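Engineer: I'll drop the sequence and a predicted model, then ask my questions.
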Amino acid sequence: MRDVQLAHLAEQYGVATEYEDWRGQRVAVSPETVRAVLTALGVDTTDPAAAARERDRRLPPAVVVREGKAPELTLPDGAHGTVETADGALLPLGPELPLGAHTLRVTAAADEHQAPLLVVPDRIEPSALRRRRRLWGLMTQIYSVRSRASWGTGDLRDLAELTDWSARDLGADFTLVNPVHATEPLPPVEASPYLPVSRRYASPLYIRIEDVPEYARLDPAQREGIQRLARPLRERGRTADLLDRDAVWEAKRQALEVLFQVQRAPGREAALRAYLEREGRPLVEFATWSALAEEYGTDFRVWPEHLRDVSRHAVGQEALRRWPTVEFHRWLQWILDEQLSHAQHSALDAGMAVGVVHDLALGVQPGGADAWMYGDALVPGLHVGAPPDEFNRRGQDWGQPPWHPRRLAELGYAPLRQVLGQSLAHAGGVRMDHVMGLFRVWCVPEGATPDQGTYVHYDHEGTVGSLLLAAHRSDAVVVGEDLGTVEPWVRDHLDDRGVLGTSVMWFEQDRHGRPLPPDRWRTDCLATVATHDLPPVASFLSTEHVELRDRLGLLERPVEEERADAEERVERWRALLVELGLLDGDVDPVADPAAVVAAMHAYLARTPARMVGVALTDVVGDRRMQNQPGTSTEYPNWRIPLTSAEGEPVLVDELLADPRMVARIRRTVGPVGGDGQIL
């Protein structure tokens with residue numbers, strides 16, 4: 001196939017043959033990369049007629065229409081189209097179609113063609129944003145926020161107590177947390193919450209054992225046995241030592257297996273059966289993967305051949321052989337569903353306008369449960385990553401399989417809608433990590449280097465529409481993480497649809513590197529000082545993060561130059577804070593980081609941002625990064641417990657009771673949650 005034919009074929013399938021890099025320069029993608037990506041998508045690049053056949057399709061893979069508008073279709077003469085709605089009703093094509101996922105049927109002569117039809121909101125307007133001019137809340141990593149009662153890592157009871165306190169005492173509207181997606185059923189447990197085995201289900205690591213109602217039905221000896229498991233974890237949890245998820249899960253697994261065997265009260269049994277019926281086959285498949293993974297490992301790609309396809313009859317037979325274990329994993333998700341619900345209801349009962357905002361990771365492990373369950377909708381021969389940029393000149397390969405644009409659409413975006421619906425089941429909002437992935441993803445063919453990839457595009461009307469449909473049903477706030485290189489029209493589109501962006505103080509500067517005055521910030525965004533991938537303020541002010549990156553071999557310039565740049569950025573922001581009257585000119589940022597933290601959030605309060613997030617790490621003075629991009633084993637990513645400026649552990653119950661810490665937090669969040677918050 002000639003290059004011009006290849007280009008036409010790539011255009012038909014949304015594969016970029018060139019792109020604009022981080023410097024604004026056009027970069028041509030090699031024909032070899034284009035062919036490799038198309039081949040992974042199942043396209044025959046040796047067939048000259050492939051592009052023409054794609055253009056001549058009777059119906060697109062999916063039809064997506066915004067509410068109040070009729071589908072724009074060109075039907076053959078004499079053809080007739082009807083819509084079968086989700087509840088089985090038959091309606092004519094027109095602008096009065098209800099929101100939801102339906103089926104379009106087109107009859108022409110003796111032939112009938114059909115395609116999924118999604119009717120999605122034109123724009124979301126969650127009630128919380130209608131009622132309040134501004135929303136503010138804390139941002140935290142649940143696992144790092146422990147209490148005296150938790151088992152070495154933070155859990156959903158700790159989250160409930162933090163949200164209740166921040167709402168009642170501080171007037172917070174939300175708590176933004178890390179992804180709580182499912183992890184491996186047996187150690188070793190992946191530390192990164194952004195590399196789960198499933199985004200549809202949650203991690204039992206976050207269960208508070210004593211809150212499982214069946215715990216109260218144990219006899220004294222059984223309770224003592226469970227508490228023996230908890231004691232060493234609680235002792236470790238009162239130190240600043242790194243988090244040990246493997247030890248926590250081994251202990252919790254033993255305790256949960258005991259609780260699973262307890263006879264449930266009739267009402268509890270009925271509630272469990274109702275949950276299992278509601279979740280249906282997908283939960284059975286997830287639990288089956290978990291049971292099989294306990295024997296064959298957590299990468300289904302190396303399982304026996306007859307078990308690699310979820311639809312095979314042999315898989316069902318193996319599930320029946322392991323049914324008690326399958327039932328255990330289904331029960332775990334019910335317990336999680338209950339405790340996630342309790343955390344959200346606690347937040348709302350305490351007065352939060354939004355409650356818990358869950359983070360949705362970009363992708364999943366290539367051998368995990370979602371990849372097994374949704375195999376038809378993923379591309380196993382490609383890895384999601386990022387092109388070369390200012391900070392990663394070789395690009396990045398995250399090892400995650402992307403959604404298949406065609407197959408996802410042919411399924412009516414059902415897998416994506418299921419993941420989104422689960423994330424919003426017990427939440428007032430969702431943060432979409434790398435929201436640009438709804439428009440395009442950087443795909444690297446297996447065996448290639450990260451810079452030898454290209455962008456694969458999605459029909460964003462379908463992906464964004466699926467997001468809005470889920471958010472509309474939950475009356476949820478949606479925040480898109482749109483940092484980095486983003487095409488301007490993408491931000492405009494999300495803004496038009498009611499999706500908030502993300503603005504980070506350290507990055508808000510003009511083309512000369514000068515900090516932006518607060519009135520030049522955009523309105524429809526979540527404004528924060530930093531992110532979980534950036535150093536806490538105390539570390540940034542002292543340039544400790546530069547020394548760390550130097551020790552890890554991550555710098556591409558001499559450490560002196562990096563340190564000088566960091567110090568210059570800090571000085572520019574300090575000068576602006578002083579100019580605005582938010583910081584005393586005599587304050588030494590290194591000696592008094594708390595004063596600077598308070599001034600920075602007072603600055604955020606002067607922006608027009610609809611939401612303001614305050615990192616819990618910053619208000620307690622923590623100095624260690626949760627995640628150091630560019631590392632894996634070189635730095636203990638995602639294993640850092642919450643600590644004070646002095647490096648001492650900060651526990652939830654002590655945080656709420658320490659007058660000095662409470663005063664520090666009030667000083668920081670006061671301007672953000674002040675009188676101007678309520679309309």
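Structural biologist: Received, thanks.
Engineer: going forward, measure contacts between C-alpha atoms and count neighbours the same way
Structural biologist: Fine.
Engineer: got any ranges where the stretch 451-600 of the chain has weak pLDDT?
Structural biologist: Low-confidence regions of the stretch 451-600 of the chain, defined here as pLDDT under 70, do not occur.
Engineer: That one: strands as residue ranges?
Structural biologist: Along the stretch 451-600 of the chain, the segments classed as strands by DSSP state E, counting those that start in this stretch run 454-457, 477-480, 501-504, 525-528.
Engineer: Export those strands to CSV and append columns for mean neighbour count and distance to His493.
Structural biologist: CSV is the format used below for these (neighbours: other CA atoms under 10 Å; distance: least, CA to CA, whole Å):
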stretch, mean neighbour count, distance to His493
strand 454-457, 25, 15
strand 477-480, 24, 12
strand 501-504, 22, 11
strand 525-528, 24, 14
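Engineer: Could you say which one of those strands comes nearest to Gly237?
Structural biologist: Nearest to Gly237, of all the strands of the stretch 451-600 of the chain, is strand 525-528, at 28.5 Å by CA to CA.
Engineer: contacting residues around the residue nearest the centre of the chain?
Structural biologist: Computing the C-alpha centroid of the chain and ranking residues by CA atoms, centre = their mean puts Leu360 first, at 1.7 Å. Each residue near Leu360 by CA atoms under 8 Å, 6 or more residues apart in numbering is listed here: 179, 199, 423, 430-433.
Engineer: which residues does the closest residue to it other than its chain neighbours contact?
Structural biologist: Using CA to CA, 6 or more residues apart in numbering and skipping residues adjacent in sequence, the residue nearest Leu360 is Met432, 5.2 Å away. Shown in contact with Met432 (CA under 8 Å, 6+ apart): 359-362, 478-481.
Engineer: Any idea which helix or strand in this protein has the lowest mean pLDDT?
Structural biologist: Ranking every helix and strand in the chain by mean pLDDT, DSSP states H and E puts helix 50-55 at the bottom, with a mean of 64.
Engineer: Now tell me what touches stretch 221-232 from outside.
Structural biologist: 151, 215, 251-252, 255.
Engineer: ok, now with 6 Å
Structural biologist: Here stretch 221-232 makes contact (CA atoms under 6 Å, 6 or more residues apart in numbering) with 151, 251, 255.
Engineer: which one of the residues you listed has the most neighbours?
Structural biologist: Trp151 (29 neighbours; other CA atoms under 10 Å).
Engineer: isn't that one right up against Leu233?
Structural biologist: Yes: using CA atoms under 6 Å, Trp151 makes contact with Leu233 at a distance of 5.2 Å.
Engineer: Out of the contacts of Leu360, which comes closest to Glu190?
Structural biologist: Pro179 (12.8 Å).
Engineer: The closest one contacts Asp359, doesn't it?
Structural biologist: Yes: with contacts counted by CA under 6 Å, Pro179 reaches Asp359, the gap being 4.6 Å.
Engineer: So Leu516 versus Arg574, what's the distance?
Structural biologist: Using CA to CA, to the nearest Å, we find Leu516 at a distance of 13 Å from Arg574.
Engineer: From the neighbour counts alone, determine which of those two ranks first.
Structural biologist: Each of Leu516 and Arg574 has its neighbours counted (other CA under 10 Å); Arg574 has more, 24 against 16.
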